[in-house]
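Q: Got a predicted model here, sequence first, then my questions.
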Amino acid sequence: MSIEWPPKYDRSYFPSPDSVYWNKELETMDPDERDQKVILPKLQAQLKYAYENSPFYKKKWDKAGIGPDDIRSMEDFEHIPFVKKDEIRQDQMENPPFGSNLCVSMTELARVQGTSGTTGKPTAFGVSKGDMERIAEAHARFMWGFGVRQDDIVFIGSFFSLYWGSWGALAGSERLGATAFPFGAGVAGQSDRAIEWMKEIKPTVFYGTPSYSLYLAEKAKSKGLDPSKDFNFKILFFSGEPGAGVPSTKKRIEETYGGICIDSGSTAEMSPWMSDSECEYRQGMHMWQDVVYGELVDPKTKKRVPYGAEGATVYTHLERTSQPMIRFWSGDISIWVNDPCPCGRTYPRLPKGIYGRADDMFVVRGENVYPSAIEDVIRGIKGFGDEYRIIISREKTMDEMIVQAEFVPEVDPAHIPGLKAELEAQLRANGLRTVVQMVGPGTLERTEFKAKRIIDKRDLYDEMRS
């Protein structure tokens, strides 16, 4: 197989509608053969391009005493140093606006995207015209993998802003040949109008965050609608939150809408962000290694972990000419496996999805706590709604965790103490020492984007002490 770099794709190409695969040869190839014949040549081309066009990487790799010519095997690639978000932000501060890793001229740019900056200075992404073509191709391929076809209508219920998710879903839908329905989110009254439009147009595919899909379902039910009957979704795919990979949340979404729930996504820096995505069998996200090469590494040793082990995700672009990310340390926590998937694809999978985003994990009394573990317990108990909050405070020198959980309107008030006790018992069984507070339906704030469910008050306590 000859490798052209950067690859050029034929936009007139479409698989047969009854084909499981967008590219059967690549998707079902023996993994070792794919490593040697596809991934390694792409890696070497991407490294050479970055070294010659990115002052950022030339300086970094020269300092580490390594260069593209040193990478002769997949094992050699592990000697390339990691790139972290703080480095990118610092580089963009010193070389505004895009940093010294842009690699293309300003006239070659098609898009300016970026991060929200909620955890620090926003990161600016300049995306070339060629990269936009390749991003669209990749997303179309991944969406085909979980069942989207040309006769589908894809409802995009997420912000059209600097946030990458909505634009990737739109680009993929258009390249695949499906009907795009870029509805958006975030405008006053938008949710009520979304329900009216979904009932009228009957789109077959939904994209957004898990929180927003459940919020829309809650509002629809309050209007006397049944999302599984009055809407027409057969596929709901998500990014932005780990919820679609949480078993009880996945089950709740599927039971609510009557469609399959697909987990997808990596991180904004790594667009095409859907380079981790489930197939229709929903047994964990495939890592589409010939588009974005993913690794799981031990957070302490920084060495790659074997299949079956837990590690932090590290990603490398294989097709980017503008701002390529090479061994980008996202820090998200997962487990990877390489056992067969019923779909026949031979990529590694993340069977539990991304269940511990690095910036979401918190430590209480020496224990690592992932919000997704608490979400899985709450949404697995009948009688609880979809909203909850985790409040962490400090009494004297001891941390205390409080879980506020909404019960649904149908719960008999006499059964609330028993429901509370069941939640406390299941959290304890999962090793979580917490105080449970039951709150009434509609008490907690809803969101149309990423839900913020963790409130850490310990810094405030420490300030008061000092």
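A: Now that the structure is in, tell me what you want to look at.
Q: So residue 189 versus residue 224, what's the distance?
A: Distance from residue 189 to residue 224, counting by CB to CB, to the nearest Å: 19 Å. For the C-beta atoms, the positions are set from N, CA and C on the backbone; glycine is no exception.
Q: so where's this protein uncertain?
A: Residue ranges of the chain with pLDDT under 70: 1, 116-120, 357-368, 394-398, 447-451, 458-466.
Q: Go again with 50.
A: 118-119, 460-466 (pLDDT under 50).
Q: what residue lies at the spatial centre of it?
A: residue 265 (2.8 Å; CA atoms, centre = their mean).
Q: Run a quick neighbour tally on the residue nearest to it when sequence neighbours are not counted.
A: Counting by CB to CB, 6 or more residues apart in numbering, residue 239 is the residue found nearest to residue 265 once chain neighbours are left out, at 3.2 Å. By other CB atoms under 10 Å, 30 other residues sit near residue 239.
Q: so residue 239 makes contact with residue 264?
A: Yes: using CB atoms under 8 Å, residue 239 makes contact with residue 264 at a distance of 5.2 Å.
Q: Which residues are in contact with each of these two?
A: Residues touching both residue 239 and residue 264 (CB atoms under 8 Å, 6 or more residues apart in numbering) are 273, 274.
Q: Pull the number of nearby residues for residue 269.
A: 19.
Q: contacting residues around it?
A: 85, 88, 115, 123, 125, 315, 325, 328, 330 are the contacts of residue 269 under CB under 8 Å, 6+ apart.
Q: what ranges do the helices span in the stretch 251-400 of the chain?
A: 371-378 (DSSP state H, counting those that start in this stretch).
Q: just the strands in it please.
A: Assigned by DSSP state E, counting those that start in this stretch, the strands in the stretch 251-400 of the chain fall at 260-263, 276-277, 285-287, 292-297, 310-317, 328-335, 349-350, 362-364, 367-369, 384-395, 398-407.
Q: got those strands as a markdown table, with distance to residue 67 and mean neighbour count columns?
A: Shown next, in a markdown table, are these (distance: least, CB to CB, whole Å; neighbours: other CB atoms under 10 Å):
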| stretch | distance to residue 67 | mean neighbour count |
| --- | --- | --- |
| strand 260-263 | 37 | 26 |
| strand 276-277 | 29 | 28 |
| strand 285-287 | 27 | 27 |
| strand 292-297 | 18 | 22 |
| strand 310-317 | 16 | 23 |
| strand 328-335 | 19 | 22 |
| strand 349-350 | 31 | 24 |
| strand 362-364 | 39 | 15 |
| strand 367-369 | 37 | 16 |
| strand 384-395 | 46 | 19 |
| strand 398-407 | 47 | 19 |
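Q: any chance of those strands in TSV, with distance to residue 97 too?
A: Below are the strands of the stretch 251-400 of the chain laid out as TSV (distance: least, CB to CB, whole Å):
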stretch	distance to residue 97
strand 260-263	33
strand 276-277	28
strand 285-287	31
strand 292-297	24
strand 310-317	20
strand 328-335	19
strand 349-350	33
strand 362-364	33
strand 367-369	36
strand 384-395	36
strand 398-407	40
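Q: Go through these and name the closest to residue 23.
A: When the strands of the stretch 251-400 of the chain are compared by CB to CB, strand 285-287 sits nearest residue 23, at 13.2 Å.
Q: quick one: contacts of that closest one?
A: By CB under 8 Å, 6+ apart, strand 285-287 touches 145, 245, 263-264, 275-279, 294, 336, 341, 345, 347-350, 353-354.
Q: if we go to 6 Å?
A: Identification of contacts with strand 285-287 by CB atoms under 6 Å, 6 or more residues apart in numbering yields 263, 276, 277, 278, 294, 345, 347, 348, 349, 350, 353.
Q: How much space separates the third one from residue 268?
A: In this view, residue 277 and residue 268 are 15 Å apart by CB to CB.
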